[in-house]
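Colleague: okay, sequence plus prediction incoming.
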Amino acid sequence: MQGEVAMKKQELIREFTVEGTVLSMQEYGNGHINRTELVEIERDGRREKYIFQQINTDVFKDVDGLMENIMGVTSYLRERIEEQGGAPDREALQVIPTKNGGSYYRAPDGKCYRMYLFISDAVCYDAVKRPEDFYESAEAFGNFQALLADYPAEKLHETIPDFHNTGKRFATFCRAVRDDICGRASSVEQEIAFIMAREEEMTALTDRLAKGELPLRVTHNDTKLNNVMIDSRTGKGLCVIDLDTVMPGLSLYDFGDSIRFGANTSAEDETDLAKVSLDLGNYEVFVKGYLKGCRGSLTEKELTMLPVGAKLMTLECGMRFLTDYLSGDTYFRIHREHHNLDRCRTQLALVADMERKWAQMHEIVAKYRD
Ligand code: ADP
Ligand code: GN1
Ligand code: MG
């Protein structure tokens, strides 16, 4: 059985323009959406590494649009990086084309696969071990946004409509509570009440966007620490990855999602909630790095609202985890029972701690804004 599975995977690899013998294929990374494998290939006595991914087509319905975004954004980034004297092969994702010249392979069973060059001598962290790494990630995400400032946004497909429309996410959450298809709602009344109590805050960002008070930019929208590679030799932020959700959005989404993940003193799925809190030291480090990476491009209103971005992205993520828990765990990949509930609880505990530290969060932004 194992051999048969391996055979099938190797056949998939042969659809791409890579030559040589496949030595190994192993599950890789800690993403919640796609299935990622590290592929090692031997060619003329040399070993080469690639990333092979099965694209989650339940989440991304329009794979052509998704890959068109990625091809457009990566080639644009490569040009900008080259102009600035950087190393485009290491600083931007590089898609390996299929033998038919496509950017991904759709198998007869409908599953979709893509390959990237593996970025070597670089690391992805699942938690902040050293503030320096978090600083580097902040600068890299800020720089990513700055590099894409003039990217023609009208060319981008909305790969997940209303991805960070927190108000719409709230409506979806309310439906999941009402439908309660798994009979789990009564066991999470506290969490539901916590979210419901913050209903009025949900539209703080989208209302200001609609009024023109916040600018629409090309943003990454999924700025977890493990979506940026850090150069192992220099310790510098190297390459922003996981470009599936690059779409028009708010800078506050990118700032907020990074804080949600990296400035939490615990893991996203920690079960001991006493370990969850906002690390103000890491929050400050990120503010500093992000503003540096954005190169002065954030408006007064964006700067003032950075803490709101952090809180809303955390609340939204907690709400999404709970929605998925109530709906039978069909969206985020889970690795244990109640995994999505555990993830939801850390997010809500983090929101509560941000509320306690609200004044300090603003004071820290004020320190770096000029
Ligand atoms: P997901 O959408 O599931 O999060 P990602 O595209 O983020 O998928 O990939 C999952 C993990 O695989 C990343 O966190 C990173 O560790 C690793 N990875 C992805 N692309 C590359 C690459 N080109 N080079 C090296 N590692 C990569
Ligand atoms: C997912 O793909 P990954 O694991 O980097 C999710 C994000 C969530 C995050 C929570 C496309 O990110 O929106 O914030 O999990 N990505 C998608 O960890 O839904
Ligand atoms: Mg990822």
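Modeller: Arrived safely. Numbering: from 1, shown residues only. Ligands and ions are numbered 1, 2, ... in the order given.

Colleague: buried ones in stretch 232-243?
Modeller: Neighbour counts using 16 or more other C-beta atoms under 10 Å place 237-243 of stretch 232-243 among the buried residues. (Each C-beta comes from the backbone N, C-alpha and C, glycine too.)

Colleague: tell me the one among those residues nearest to ligand 3.
Modeller: For these, the closest approach to ligand 3 (C-beta to the ion) belongs to Asp242, at 3.7 Å.

Colleague: quick one: the closest residue to that closest one other than its chain neighbours from Lys155, how far?
Modeller: Computed as C-beta to C-beta, 6 or more residues apart in numbering, the closest residue to Asp242 that is not its neighbour in sequence is Asn227, at 4.1 Å. For Asn227, the distance to Lys155 equals 22 Å [C-beta to C-beta, to the nearest Å].

Colleague: who in this protein is up against ligand 1?
Modeller: Residues of the chain lying near ligand 1 by C-beta under 6 Å from any ligand atom: 28-29, 31-34, 36, 51, 93, 116, 118-119, 124, 226-227, 241-242, 244.

Colleague: where along the chain do the helices fall?
Modeller: 2-13, 63-83, 88-91, 131-147, 166-179, 189-196, 204-210, 251-262, 280-294, 300-304, 306-326, 339-356, 358-368 (DSSP state H).

Colleague: that older thread, among the residues of the chain next to ligand 1, which are within reach of ligand 2?
Modeller: Answer for the residues of the chain next to ligand 1 near ligand 2 (C-beta under 6 Å from any ligand atom): 31-33, 227, 242, 244.

Colleague: nearest to ligand 1 among the residues you listed?
Modeller: Each of those was checked against ligand 1 using C-beta to the nearest ligand atom; the closest is Gly31, at 2.0 Å.

Colleague: how far away is the closest one from ligand 3?
Modeller: Going from Gly31 to ligand 3 by C-beta to the ion, to the nearest Å gives 4 Å.

Colleague: for that residue, which non-adjacent residue is spatially closest?
Modeller: In this structure, Gly31 finds its nearest non-sequential neighbour in Asp242, 6.9 Å apart by C-beta to C-beta, 6+ apart.

Colleague: that neighbour and Asp222 touch, don't they?
Modeller: Yes. Taking C-beta atoms under 8 Å as the definition, Asp242 is a contact partner of Asp222 at 5.8 Å.

Colleague: pLDDT weak spots in the stretch 101-250 of the chain?
Modeller: Within the stretch 101-250 of the chain, no stretch has pLDDT under 70.

Colleague: how about the residues of this structure by ligand 2?
Modeller: Neighbours of ligand 2 within the chain, by C-beta under 6 Å from any ligand atom: 31-33, 59, 222, 224, 227, 242, 244-245, 257, 268, 317.

Colleague: how many neighbours does the residue lying closest to Tyr151 once chain neighbours are set aside have?
Modeller: In space, and not counting its chain neighbours, Tyr151 is closest to Val218: 4.9 Å by C-beta to C-beta, 6+ apart. Look at Val218: counted by other C-beta atoms under 10 Å, it has 22 neighbours.

Colleague: is Val218 in a bridge, and if so with what?
Modeller: With DSSP bridges as the criterion, Val218 is bridged to Pro248.

Colleague: re the thing from before, and ligand 3, which of the helices of the chain is closest to it?
Modeller: Short answer: helix 251-262, nearest of these by C-beta to the ion, at 10.6 Å.
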